[in-house]
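Visitor: Got a predicted structure here, sequence first:
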Amino acid sequence: MKKKPSSKKPKSKRLKPRLALTLGDPAGIGPEIILKALTPTGGLDSDGLSAITIFGSRRILEQTYIQLRQQGQDPIDPASLTIVDLETAAFIEPGQPSVASGAASFAYLDQAIGRTLGGEFDGIVTAPISKATWKTAGYDYPGQTEVLAERAEAAAVGMLFLGRSPRTDWVLRTLLATTHIPLRRVPDRLTPDLLSQKLDLLIQVLSESLGLTTPRIALPGLNPHSGEQGQLGQEEITWLIPWLEDKRRQYPQVTLVGPVPPDTLWIGAAQAWGATSNDGITYPAYDAYLALYHDQGLIPVKMLAFAEAVNTTIGLPFIRTSPDHGTAFDIAGQGIASSRSLEAAIAWAAELA
């Protein structure tokens, strides 16, 4: 007896997520690290490479390729890459940021966002841009995150930094409650509502994207020694501790620890990363950290994981990652930039997507 044909339609299977990769500021190290990251030694197989589309300038990539070859390096040939060529007529020189390089980097991002929102890509990986050149080009945004949030009409987004230790395989996960604002404005911007928004996002991404359904999350205090019972600041007593108690009731599956004195919170992370010995004492490391302001979170992240750390924007309708460093205009064109953080950004984008 012949079997009846199945009425079920075969499921389509895409081996690799489709990723848009922006060139960043073309006067910075973006072109160099892209060509280095996409070489076979960068960890991508042919399927992974074919799923990446670069938004930038083919001419600048070709010039960078020639320069790297002359320096004795073996980057990937741009001829083998899929490139959305957004050429500018202006001359752009490595290491010389300009109005033209700022305008070009904004155009790369803008086009990648539009086509990702249109369904062509599952995520965006962004090479570094310069906020200063954006501003001179007429784009007054604190950074790429804010443009992504505005274009995607996202109600709430967060900057989550991920880094996997090459020594121990432990993953550092740090979300910033406030980002690119002056330090003197942090206490005013930092409110229970804002922290609730960020914590909700963090718990959601830990559960849905990273498989951590019962995470341990630590929060530092705002003040030295977490205020020392009101002697060094009142914020912990007046609202941060009551807010934490309320959130523990709201999220019984989550262990919320804090407010931990900021100067000792990261010792356990350093031990888990493999960056320091325990001297007979083991300090706790957590599944995630919710830092209250930019440098409180990023100083330890960059000390431990500068080459591996990746900036992930959570709260968008698509994945977005970026290397955790800037344009490095001072070394652009010299062939000495490391592509490790960009390689990690591509790998995390593929994993999360």
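Guide: Perfect, thanks for sending it.

Visitor: ranges for the helices of this protein?
Guide: Under the criterion DSSP state H, helices of the chain are mapped to 30-37, 46-50, 58-70, 99-117, 131-136, 144-152, 186-189, 192-208, 235, 241-250, 262-265, 267-273, 294-305, 340-352.

Visitor: Distance from the chain centre to the first one, please.
Guide: Spelled out, that is helix 30-37. Mean-position distance between helix 30-37 and its chain equals 17 Å (CA atoms, centre = their mean, to the nearest Å).

Visitor: pLDDT on it, on average?
Guide: Mean pLDDT, computed over helix 30-37, is 97.

Visitor: and the helices of the chain, which one is worst for confidence?
Guide: The bottom spot among the helices of the chain, by mean pLDDT, belongs to helix 46-50, with a mean of 66.

Visitor: Report how many residues lie close to residue 182.
Guide: Counted with other CB atoms under 10 Å, the neighbours of residue 182 add up to 8. (Glycine included, C-beta is placed from N, CA and C.)

Visitor: Now do it against residue 239, distance only.
Guide: To residue 239, residue 182 is 21 Å away according to CB to CB, to the nearest Å.

Visitor: ok, now residue 203?
Guide: Residue 203 is 20 Å from residue 239, by CB to CB.

Visitor: One more: residue 103?
Guide: Applying CB to CB to residue 103 and residue 239 gives a distance of 43 Å.

Visitor: picking up where we left off before, residue 87: which of the helices of the chain is closest?
Guide: helix 58-70 (6.0 Å; CB to CB).

Visitor: picking that back up, comparing residue 203 and residue 239, which residue is more hemmed in?
Guide: Taking neighbours as other CB under 10 Å, residue 203 and residue 239 compare with residue 203 leading, 22 against 14.

Visitor: residues touching residue 274, list them.
Guide: 165, 167-168, 170 (CB atoms under 8 Å, 6 or more residues apart in numbering).

Visitor: again with residue 177
Guide: 190, 194-195, 198, 290-293.

Visitor: quick one, domains of this structure?
Guide: Using automatic domain parsing, the domain parsing of the chain gives 15-154+316-353, 156-315.
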